[in-house]
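Chemist: when you get a sec, could you give me coordinates for this:
(chains A and B)
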Protein chains: 2
Amino acid sequence: MKTNCFFYNKSIKKYSITPNGVIMSKSHSNIALIKYWGKHSNKIQIPLNSSISYSLGKVYTVTRLIYQEKKKITYLKVFFSGKEKTSFLPKILKFFYRISFYCSYLRNFNFIIETSNTFPHSCGIASSASSMSALALCIMKIEKKLVSSLKEDFFFKKASFLARLGSGSACRSIYPGLVVWGYHQSIEGSSNLYAIPYPYEVHSIFTKIEDTILIIDDNPKKILSSKGHQLMNNHPYARERFKYANQNMNRLISILKRGDFQEFGELIEHEALTLHAMIMTSRPYFLCMKANTLNVIHMVWDFRKQNNKNIYFTLDAGANVHLLYPIQEKTSIIKWIYSDLFFYCKKIIESFCL
Amino acid sequence: MKTNCFFYNKSIKKYSITPNGVIMSKSHSNIALIKYWGKHSNKIQIPLNSSISYSLGKVYTVTRLIYQEKKKITYLKVFFSGKEKTSFLPKILKFFYRISFYCSYLRNFNFIIETSNTFPHSCGIASSASSMSALALCIMKIEKKLVSSLKEDFFFKKASFLARLGSGSACRSIYPGLVVWGYHQSIEGSSNLYAIPYPYEVHSIFTKIEDTILIIDDNPKKILSSKGHQLMNNHPYARERFKYANQNMNRLISILKRGDFQEFGELIEHEALTLHAMIMTSRPYFLCMKANTLNVIHMVWDFRKQNNKNIYFTLDAGANVHLLYPIQEKTSIIKWIYSDLFFYCKKIIESFCL
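Modeler: The predicted structure follows:
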């Protein structure tokens, strides 16, 4: 599907919509296995390589979108955990501006957005992913009220398309399970414009994976993702990175089918370290890892070696660590995490891959 | 000069040499500003980019080479800090084998090598650099006894050439000050075969630099440099890395002339992070930094920002941190290091750039 498929067509048969109403949506955070880091500089949120993520249970955003027919006055208000947040307005306004081309009906309404997360804001867990995704789903629920013929497949594709315009990786949070964003020649239906559920065979070992999230640092990130993506333009290793990510996707397709957890783990760790290597070698350079990130990584490596366990880490563009392991090994691993790693963490979130 | 210039020519006029004797040499460790990481896979110790280092005061190796005319029996013994070290023999034997083509006179002697360092062995400070350099200097002192016409310039060039065959970066430890190894189109006389003293103008701010070495981890390195260099073959970012190192040398030539310490510092920090980024993205991947490496780096960045001080770090392929700053700022900086960073270190070595 192309961009122009997502324009709102006024001429098609419509339902009526009440002048005021409330819509609610929930959207999960996600953790990328193959990382999205770098986007086209002259296009809106078009990735330079395809990425794949797991959507995560227990860590999500709930958004209530209150819409009121616009009369004389115009307003947009945002509440986060019950408190009005004017600091969120610029990002939301930018989002509404971008999607207004595809959702012209939005002009007829004022909005109050009430949103809350089950996890700390700006702690490195992709809060913009789940919140932009939840908001996009709310908006699509309005569109569904307006358009009688709106199909489920289109509903989610356009929700993902809109979410992407709010925050790149948000487009992956629309679906549960393994989700792919970005065109890849080996993945049918993959697109730079929206995410799709991973369409191929997945070995049963990859359908029940725990993700224990170690919050190492709950201060807001020092490097914003948007800034980080910019740094990939004119980055000395960008071109090779995108090529390599592409190869990794091919490798992962085969791994997901065969069910080799060790290969899977080594691939995601290599991806995580590559993301941070890109951050360390950009100009200017940054270091998002904290001391306890490294403490945890070295501990995980030692534990894995000594106990022959299937536990591997991945990282977002922050200090926190995601530990992935099959549910079958949960009992011993979670015990070890609390006894040996808790010391290094501000908080532990027991999530899982949806 | 080419490789064949370093062959020992039996036909030229010689001095006599006593059948037994003792030779002593001292050689300093060095810290690279532009890193050497990656060598030609089918050549002996030929770097894939040119590097530049400071030789370091106070951290050095002293080597006594006892030579005895070979009669019936053949032996080679190595003593380290007074104790015989058979574990060092393979490396030394390999070195003697490699240099035997250029120093055929060595075949006439048995050797006892007594060596000691002023710093911990395998702690990440380049002990192989200073020890191979010291040994190469000892051998050249034998050659000097044998060849009447041996010129000083040739003495050091060949010493550097031999040291390189023992350990790549050892060839830089032959000289004090700023030393360049590896051909670079902007540096006259630079060569892949041996190091040369940096031949251009250096601003006075770069002639009196402190290097306070924070020993974060005194266990032997988990990744040997030789292994690390191998990993740069077929490394996804190798080619771009070598190009970038080349550009950095051009930038550094200009910085050294202009005396811009901030630019200098940012360049060496970027180089250090790039070295570790290469280690993190090789296959297999490694992480040589430890938690306290990151603690120190983040502390240095905060301190620099808050106090407007000229203090920058660099790293070798290990966990330890070198802190470089102009001697003029020593009083306040060294006080801060002991009060705020000592906690993260096993040991602090107050070195300086020769």
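Chemist: what residues sit buried inside stretch A:338-346?
Modeler: A:341, A:344, A:345 (16 or more other C-beta atoms under 10 Å in any protein chain shown). No exception for glycine: its C-beta is placed from N, CA and C like everyone else's.
Chemist: using PDB, write out every CA atom in that stretch.
Modeler: What follows is stretch A:338-346, C-alpha atoms only, in PDB (Å, rounded to 0.1, in the frame of the first residue of the first chain):
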ATOM      1  CA  TYR A 338      16.500 -11.200  42.100                       C
ATOM      2  CA  SER A 339      19.300 -12.600  44.100                       C
ATOM      3  CA  ASP A 340      22.300 -11.500  41.900                       C
ATOM      4  CA  LEU A 341      21.100  -8.600  39.700                       C
ATOM      5  CA  PHE A 342      18.600  -6.700  41.900                       C
ATOM      6  CA  PHE A 343      21.500  -4.900  43.500                       C
ATOM      7  CA  TYR A 344      22.300  -3.100  40.200                       C
ATOM      8  CA  CYS A 345      18.700  -2.000  39.400                       C
ATOM      9  CA  LYS A 346      16.400   0.700  40.300                       C
END
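Chemist: chain center to that stretch, what's the gap?
Modeler: The chain centroid and the centroid of stretch A:338-346 are separated by 26 Å, computed with C-alpha atoms, centre = their mean, to the nearest Å.
Chemist: now stretch A:28-40
Modeler: 6 Å.
Chemist: convert it to PDB, retaining C-alpha atoms only.
Modeler: What follows is stretch A:28-40, C-alpha atoms only, in PDB (Å, rounded to 0.1, in the frame of the first residue of the first chain):
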ATOM      1  CA  HIS A  28       1.900  -2.200  24.500                       C
ATOM      2  CA  SER A  29       5.600  -1.200  24.500                       C
ATOM      3  CA  ASN A  30       7.900  -3.200  22.300                       C
ATOM      4  CA  ILE A  31      11.500  -4.200  22.300                       C
ATOM      5  CA  ALA A  32      13.400  -4.400  19.000                       C
ATOM      6  CA  LEU A  33      15.500  -7.500  18.200                       C
ATOM      7  CA  ILE A  34      16.900  -5.900  15.100                       C
ATOM      8  CA  LYS A  35      17.200  -2.300  15.900                       C
ATOM      9  CA  TYR A  36      15.800   0.700  14.100                       C
ATOM     10  CA  TRP A  37      18.500   3.500  14.300                       C
ATOM     11  CA  GLY A  38      18.700   5.900  11.500                       C
ATOM     12  CA  LYS A  39      16.000   7.400   9.200                       C
ATOM     13  CA  HIS A  40      15.900   9.200   5.900                       C
END
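Chemist: run through the strands of chain A in chain order.
Modeler: Applying DSSP state E to chain A gives strands spanning A:20-34, A:51-69, A:76-80, A:83-84, A:109-117, A:178-181, A:195-197, A:209-215, A:312-315, A:321-326, A:347-353.
Chemist: still on that earlier bit, going by distance to chain B, which of the buried residues of stretch A:338-346 wins?
Modeler: Nearest to chain B out of these is residue A:344 (C-beta to the nearest C-beta; 8.5 Å).
Chemist: who's in contact with the closest one?
Modeler: Each residue near residue A:344 by C-beta atoms under 8 Å, 6 or more residues apart in numbering or on different chains is listed here: A:214, A:216, A:292, A:295, A:296, A:299.
Chemist: what's the closest of these to residue B:24?
Modeler: Using C-beta to C-beta, residue A:295 is the member of those that sits closest to residue B:24, with 44.2 Å.
Chemist: my guess is the closest one contacts residue B:289, does it?
Modeler: No. Assessed by C-beta atoms under 8 Å, residue A:295 is found out of contact with residue B:289, at 11.1 Å.
Chemist: more crowded one of the two?
Modeler: residue B:289 (28 against 21; other C-beta atoms under 10 Å in any protein chain shown).
Chemist: right, and that one touches residue A:294 too?
Modeler: Yes. Counting by C-beta under 8 Å, residue A:294 is a contact partner of residue B:289 at 6.1 Å.
Chemist: how near is the residue of chain A found nearest chain B to residue A:297?
Modeler: Minimum separation of chain A from chain B (C-beta to the nearest C-beta) falls at residue A:277, amounting to 3.5 Å. Counting by C-beta to C-beta, to the nearest Å, the gap from residue A:277 to residue A:297 is 14 Å.
Chemist: tell me which other helices or strands the lowest-mean-pLDDT helix or strand in chain A touches.
Modeler: Among the helices and strands of chain A, helix A:225-231 carries the lowest confidence by mean pLDDT, DSSP states H and E, at a mean of 81. Under the contact criterion of 3 or more C-beta pairs under 8 Å, 6 or more residues apart in numbering or on different chains; DSSP states H and E, helix A:225-231 touches helix A:261-281.
Chemist: so which residues on the stretch 251-354 of chain A come close to chain B?
Modeler: A:266, A:269-270, A:273-274, A:276-278, A:280-281, A:283-285, A:287, A:289-295, A:297-298 (C-beta under 8 Å from any C-beta of the partner chain).
Chemist: so what touches stretch A:280-288?
Modeler: A:221-223, A:228, A:231-232, A:234-237, A:276, A:279, A:315, A:317-319, B:266, B:269-270, B:273-274, B:276-277, B:294, B:297-298.
Chemist: now the buried members of those.
Modeler: Buried among these by 16+ other C-beta under 10 Å: A:221, A:223, A:228, A:231-232, A:235-237, A:276, A:279, A:315, A:317-319, B:266, B:269-270, B:273-274, B:276-277, B:294, B:297.
Chemist: in ChimeraX, select just the buried ones from the contacts of residue A:344.
Modeler: A single ChimeraX command selects the buried members of the contacts of residue A:344 (16+ other C-beta under 10 Å):
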select /A:214,216,292,295,296,299
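Chemist: which of the contacts of residue A:344 lies closest to residue B:144?
Modeler: Nearest to residue B:144, judged by C-beta to C-beta, of those is residue A:295 at 51.9 Å.
Chemist: what is the burial count for the residue lying closest to the closest one once chain neighbours are set aside?
Modeler: Among residues not flanking residue A:295 along the chain, residue B:291 sits closest, at 4.3 Å (C-beta to C-beta, 6 or more residues apart in numbering or on different chains). Neighbour count of residue B:291, defined by other C-beta under 10 Å: 23.
Chemist: show me what contacts residue B:291?
Modeler: Taking C-beta under 8 Å, 6+ apart, one finds A:291, A:292, A:294, A:295, A:298 in contact with residue B:291.
Chemist: and the strands of chain A, which is most packed in?
Modeler: Each of those was scored by mean neighbour count; the highest is strand A:178-181, a mean of 26, by mean count of other C-beta atoms under 10 Å in any protein chain shown.
Chemist: thinking again about what came up before, residue B:327: which of the strands of chain A is closest?
Modeler: Taking C-beta to C-beta, strand A:312-315 is the member of these nearest to residue B:327, at 39.3 Å.
Chemist: that concludes my questions; thank you for your assistance.
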